[in-house]
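> What shape does this take:
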Amino acid sequence: MADSALEPSLEPAAKRAKLEGAAASEPAPAAAAPAAAVPDAADAAADGAAAGPAVSVAAAPAVAAAAAAAETTVDRVPKRKVALLFGYCGTAYRGLQKNPGVDTVEERLERAIYEAGGISDANFGELQKVKWSRAARTDAGVHAVGQCCALKMQLEGPEEPAVYAAAVKRVNANLPADIRLFVVVRVTNKFNAKLACDRRRYEYLLPAAVLRAEGGGAGGREWAEQQAAEWAAEHPAAAEAVPAEHRVSVGALNRVLARYKGTHNFHNFTTGKKPDDPSARRHILSYVAERVAIVEGVAYVRCVVLGQSFMLNQIRKMLAMAVVIVRGLAPPATMDAAFKPERMAIPMLPGNGLFLDQCVFENYARKFSDRQPITLAGAQAAVESFKAETLYPGIAKVESESEEWAEWQTKIGEKQAHWAEAAAAEAAPQ
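Residues are numbered from 1 along each chain as shown. Model prediction:
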């Protein structure tokens, strides 16, 4: 942040130390007359016994309570439980979740809310004190445009849209350009972002060139011919304008991705899960390759997956398996084998292209139909602007400077025989 933002961002302890230091540098006041002193109960009782009821013993606790109340109500602002919908380019951060000693998205967001007056000095730095919850976690380098966190935020003013819109502006004024708050919406006091989220939608920007079929793989020639024919049908007017390496059929990829729909055992698509672990079974609602997007002169295929929840690395390994099949490096039966108990190595895709696109709160909206729904519907212009100006160029920049894709393609080449063997075993008569 700019140097001008340093003063408001002082942590509470530093702020109090500064105030105490300022107080200590002032001249000491003249000694007060004894009659003006406020005695505690023991002193008052002793004085009363010796010199009569000059000071009421009962009045001492009342005076102390009034003083304490006056002290605790200074700068006190009403709190409201709210949900925040925000986005970030995660390249510079070590993930979403706050983690002492490293730079994370939540660290920046909490500080920005504090500097905007949304978190008190007493609660700053301890998320549990403001009942913080998050709908989904993202790893280091992974991005989001529809992330949701909830907290009890200090917020003054009536229950009007303008009050929440103003809060968005105040928080954004204290955030770096690669983190943007889109929506602040009032929720129920017991709202928990993780528990209330029904589904999560992720998007992966896949370089179209990665899908080029390899002629030497299993079924490679057939896939190549099929892709060429389908691409020409999908883009009848663009054959001359698009480089050959970008002519990738979305239809070919979608036929593979469709096999993920439903409930499967994804123990091979994460780490640390045994085949018989019930938590390895996950339900996928859809996985679709959408339109090709041109970013910084490079063609990307937008791959969107919708599910109830996902395990570590699961989405990147799922798409990696689809890619090796489309490229002809493994037959389609390899995917069926990956759902079986036998172990299978699947090199996951680089994390840079993945981002959390949306958190869905359908059941919450149905149960509390009188409340404002938790969606980005009213902030689409800001969301699309963030994607076009910050997120997509950020992803393209990292990929242009990185060797991750070259390294990944080397890894999948090494696994080709392994996948062919697993597919053959799957296809053999049982």
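> Which residue ranges make up the domains of this protein?
According to automatic domain parsing, the chain comprises the domains 79-196, 200-350+402-427.
> who wins for proximity to Phe368 among these?
Phe368 lies closest, by C-beta to C-beta, to one member of these: domain 79-196, at 6.2 Å. For the C-beta atoms, the positions are set from N, CA and C on the backbone; glycine is no exception.
> same question for that closest one, mean pLDDT?
On average, the pLDDT along domain 79-196 is 96.
> Same check on stretch 293-301?
Mean pLDDT, computed over stretch 293-301, is 85.
> Residues in contact with that stretch: which ones?
Stretch 293-301 is contacted from outside by 205-209, 211, 242, 246, 248, 250, 253, 289-290, 292, 302, 353, 392-393, 395-397, 399-400, using C-beta atoms under 8 Å, 6 or more residues apart in numbering.
> what's the burial count for Thr263?
By other C-beta atoms under 10 Å, the residues close to Thr263 number 10.
> In this structure it contacts His283, no?
Yes - judged on C-beta atoms under 8 Å, Thr263 makes contact with His283 at a distance of 4.6 Å.
> And Leu181, which helix or strand is it part of?
Taking DSSP states H and E as the criterion, Leu181 maps to strand 179-186.
> From the chain's centre, how far out is that strand? Work that out for me.
Strand 179-186 has its C-alpha centroid displaced from the chain centroid by 13 Å (C-alpha atoms, centre = their mean, to the nearest Å).
> same deal with stretch 402-421?
29 Å.
> Quick one: residues contacting Arg316.
By C-beta under 8 Å, 6+ apart, the contact set of Arg316 is 204, 348-351, 354.
> Name every strand pairing with the strand holding Leu181 and say which way it goes.
Using DSSP bridges, strand 179-186 pairs in its sheet with strand 79-88 (antiparallel).
> Now do the helix or strand just after the strand it pairs with: which elements does it pack against?
Once the chain leaves strand 79-88, the next helix or strand it forms, by DSSP H and E, is helix 105-115. On a contact count with 3 or more C-beta pairs under 8 Å, 6 or more residues apart in numbering; DSSP states H and E, helix 105-115 meets strand 79-88, strand 143-154, helix 161-172, strand 179-186.
> Next, the angle from the first one to strand 143-154.
Right, the one you point to is strand 79-88. Angle of strand 79-88 versus strand 143-154, following axes from the mean of the first three to the mean of the last three C-alpha atoms, to 10 degrees, is 160 degrees.
> residues in contact with the strand holding Leu181?
80-89, 105, 108-109, 112, 153, 159, 164-165, 167-168, 171-172, 175, 371-376, 378-379, 382-383, 386, 390.
> Just the buried residues of those.
Using 16 or more other C-beta atoms under 10 Å as the burial test, those include 80-89, 105, 108-109, 112, 153, 164, 167-168, 171-172, 175, 372, 374-376, 379, 382-383, 386, 390 as buried.
> can you put the helices and strands packed on helix 105-115 in TSV and add distance to Pro331?
As requested, the helices and strands packed on helix 105-115 are exported to TSV (distance: least, C-beta to C-beta, whole Å):
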stretch	distance to Pro331
strand 79-88	39
strand 143-154	33
helix 161-172	50
strand 179-186	43
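> Out of these, which is closest to Trp132?
Nearest of the helices and strands packed on helix 105-115 (C-beta to C-beta): strand 143-154, 4.8 Å.
> rewinding a little: in strands only, show me the contacts of stretch 293-301.
Secondary structure defined by DSSP state E assigns 205-207, 289-290, 292, 302 of the contacts of stretch 293-301 to strands.
> Could you identify the most distant pair in those residues?
Every pair of the ones in strands among the contacts of stretch 293-301 checked by C-beta to C-beta; the farthest is Pro207 and Glu290, at 14.9 Å.
> Between those two, tell me which one has more neighbours.
Neighbours were counted for Pro207 and for Glu290 using other C-beta under 10 Å; Pro207 has more, 20 against 12.
> correct me, but that one touches Trp405?
Yes - between Pro207 and Trp405 there is a contact under C-beta under 8 Å: 6.8 Å.
> Give me the common contacts of these two.
Common neighbours of Pro207 and Trp405 (criterion: C-beta under 8 Å, 6+ apart): Glu399.
> for the stretch 201-350 of the chain, what are the low-confidence residue spans?
The model of the stretch 201-350 of the chain has pLDDT under 70 over residues 213-228, 231, 235, 237-249.
> ok, which stretches of it are strands?
Remark: strands assigned in the stretch 201-350 of the chain by DSSP state E, counting those that start in this stretch are 262-265, 281-295, 298-307.
> wait, which of those strands is closest to Cys359?
Here strand 298-307 is closest among the strands of the stretch 201-350 of the chain (C-beta to C-beta), at 11.2 Å.
> That'll do, ta.
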